[in-house]
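Asks: Sequence first, predicted coordinates after that:
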Amino acid sequence: MKPVPDGFEDLHEENRKYWDSVVDVHFSSKFYEVDAWIKAGMKARPWEAEVIGRLDNKNVVHLQCHFGKDTLSLLSLGAAFVTGIDYSEKAIQKAKELATATKLNGRSNFEVCAVEDVPKHFSPSKFDFAYISLGAICWIPEITTWAGAISHLLKDKASIFIHEVHPLAQILVRSENGWSLDGKYFESKEAMIDQSEGSYTENSENLGNFRTNLWNHSIGEVVSSLSNFGFVVNHLAEHPWTSFQQFPEMIKSGPERYFLPDDWLQVPLSFTIVASRG
Ligand SMILES: C[S@@+](CC[C@H](N)C(=O)[O-])C[C@H]1O[C@@H](n2cnc3c(N)ncnc32)[C@H](O)[C@@H]1O
């Protein structure tokens with residue numbers, strides 16, 4: 001297992017500082033609706049609950065857990081214990097506060113750790129189930145490192161749920177001249193650089209300008225990376241919707257579900273994988 005590959009350390013650190021900077025703003029955003037989620041009983045998203053099924057008595061890990069809302073939601077599916085991992089100290093601090101505020105701290109743990117450091121930080125084969133959600137794998141330069149971290153954490157008999165931004169959506173650009181693709185569909189050592197104001201939450205405009213560094217991974221690369229560690233794909237769905245307003249004209253249809261207008265280009269915007277081994 002490789003740590004952060006040589007030459008990527010500065011980009012990694014730049015990204016980590018970005019994530020530290022956005023935690024408080026994300027926590028109080030309408031996008032994350034933390035208060036409403038608490039009032040509704042800290043539940044998992046109904047559609048995710050349907051795809052994942054029950055997690056009764058399972059020891060669950062959430063990689064790149066941000067401030068832990070999705071991590072704690074997995075307890076509503078019956079998980080015995082959930083562990084969230086993220087390299088942002090601020091995110092993990094906030095996750096611990098959220099666990100205490102919701103009285104779920106007895107069934108959860110949050111650890112500061114980069115995906116690339118998982119094999120050093122965690123003993124192997126601890127978990128039954130791994131959860132990864134939207135906006136995670138684009139921060140990892142080499143998808144095999146990510147799959148290796150999951151493999152290390154999981155027992156021989158275990159399963160994984162991933163809902164992610166589709167690699168095509170990562171490079172889809174809308175301009176006055178119509179649609180184009182800008183960037184790399186396939187994994188590349190060269191990062192795609194994003195220089196923008198704020199983040200994806202509605203309240204982030206005063207955060208300032210950030211440069212972040214992203215890496216795309218094709219669907220084939222994601223599936224192959226998992227299969228190289230013995231996982232078999234049980235479910236793979238490409239969705240014509242995503243959970244955030246990627247383009248201003250997108251149409252919201254239900255909670256966290258944004259579609260392109262019918263008369264626009266129709267391409268996959270997010271994807272779901274369930275895979276298992278053993
Ligand atoms: C968009 S969040 C994804 C989680 C979830 N979809 C959410 O919105 O709560 C991305 C998270 O990945 C974390 N992250 C990025 N690169 C990482 C790495 N190499 N190791 C561990 N965490 C990482 C960031 O700190 C951030 O909290």
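Replies: Received the coordinates, thanks. Residues are numbered from 1 along each chain as shown.
Asks: got the residue ranges for the helices in the stretch 151-278 of the chain?
Replies: Taking DSSP state H, counting those that start in this stretch as the test, the helices found in the stretch 151-278 of the chain are 167-170, 219-228.
Asks: Looking at those, which is nearest to residue 141?
Replies: For the helices of the stretch 151-278 of the chain, proximity to residue 141 was assessed by Cβ to Cβ; helix 219-228 is nearest, at 12.1 Å. For glycine as for every other residue, the C-beta is placed from the backbone atoms N, C-alpha and C.
Asks: And the closest one, how far out from the chain middle?
Replies: Offset of helix 219-228 from its chain centre (Cα atoms, centre = their mean, to the nearest Å): 17 Å.
Asks: Packing partners of the helix or strand containing residue 62?
Replies: Under the criterion of DSSP states H and E, residue 62 resides in strand 59-63. Based on contacts counted as 3 or more Cβ pairs under 8 Å, 6 or more residues apart in numbering; DSSP states H and E, the elements that strand 59-63 packs against are strand 81-86, strand 127-133, helix 143-153.
Asks: who touches the shortest one?
Replies: When you say that, I think you mean strand 81-86. By Cβ atoms under 8 Å, 6 or more residues apart in numbering, the residues outside strand 81-86 that reach it are 19, 59-66, 68, 71-72, 74-75, 92, 95, 107-113, 115, 118, 127.
Asks: same question, the longest one
Replies: Residues from elsewhere that reach helix 143-153 (Cβ under 8 Å, 6+ apart): 1-2, 5, 61, 63, 115-116, 118-119, 122, 124-127, 130, 132, 137, 140, 160, 187, 217, 221-222, 225-226, 228-231.
Asks: For ChimeraX, write a command that selects the buried ones of these.
Replies: Selection of buried members from these for ChimeraX, criterion 16 or more other Cβ atoms under 10 Å:
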select :61,63,115,116,118,119,122,127,130,132,137,140,160,187,217,221,222,225,226,229,231
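Asks: contacting residues around the residue lying farthest from the centre of the chain?
Replies: For the chain, the C-alpha farthest from the mean C-alpha position belongs to residue 177; by Cα atoms, centre = their mean, that distance is 31.5 Å. Counting by Cβ under 8 Å, 6+ apart, residue 177 makes contact with nothing.
Asks: And the pLDDT at it?
Replies: Looking at residue 177, its pLDDT is 83.
Asks: tell me the phi and psi of it?
Replies: Backbone geometry at residue 177, expressed as degrees, to the nearest 10, gives phi -90, psi 0.
Asks: likewise residue 107?
Replies: The phi/psi pair for residue 107 (degrees, to the nearest 10) reads phi -120, psi 20.
Asks: what residues does the chain put near the ligand?
Replies: 15, 19, 64, 66, 69-70, 86-88, 91, 114-116, 133-136, 139-140 (Cβ under 6 Å from any ligand atom).
Asks: And residue 159, how close does it get to residue 84?
Replies: Distance from residue 159 to residue 84, counting by Cβ to Cβ, to the nearest Å: 18 Å.
Asks: I'd like to know which of the residues of the chain next to the ligand are part of helices.
Replies: 15, 19, 69, 70, 91 (DSSP state H).
Asks: So which of the residues you listed wins on neighbours?
Replies: Highest neighbour count within those: residue 91, with 25 neighbours (other Cβ atoms under 10 Å).
Asks: Can you give me the pLDDT of that residue?
Replies: Residue 91 is assigned 98 on the pLDDT scale.
Asks: now swap in residue 1 and tell me
Replies: 39.
Asks: Give me the below-cutoff pLDDT ranges for the stretch 1-150 of the chain.
Replies: For the stretch 1-150 of the chain, the stretches flagged by pLDDT under 70 are 1-7.
Asks: can you do 80?
Replies: Counting by pLDDT under 80, the stretch 1-150 of the chain contains low-confidence ranges at 1-9.
Asks: which residues of the chain fall in strands?
Replies: 59-63, 81-86, 108-112, 127-133, 154-165, 172-175, 178-181, 192-197, 209-214, 232-239, 241-242, 251-252, 258-259, 270-277 (DSSP state E).
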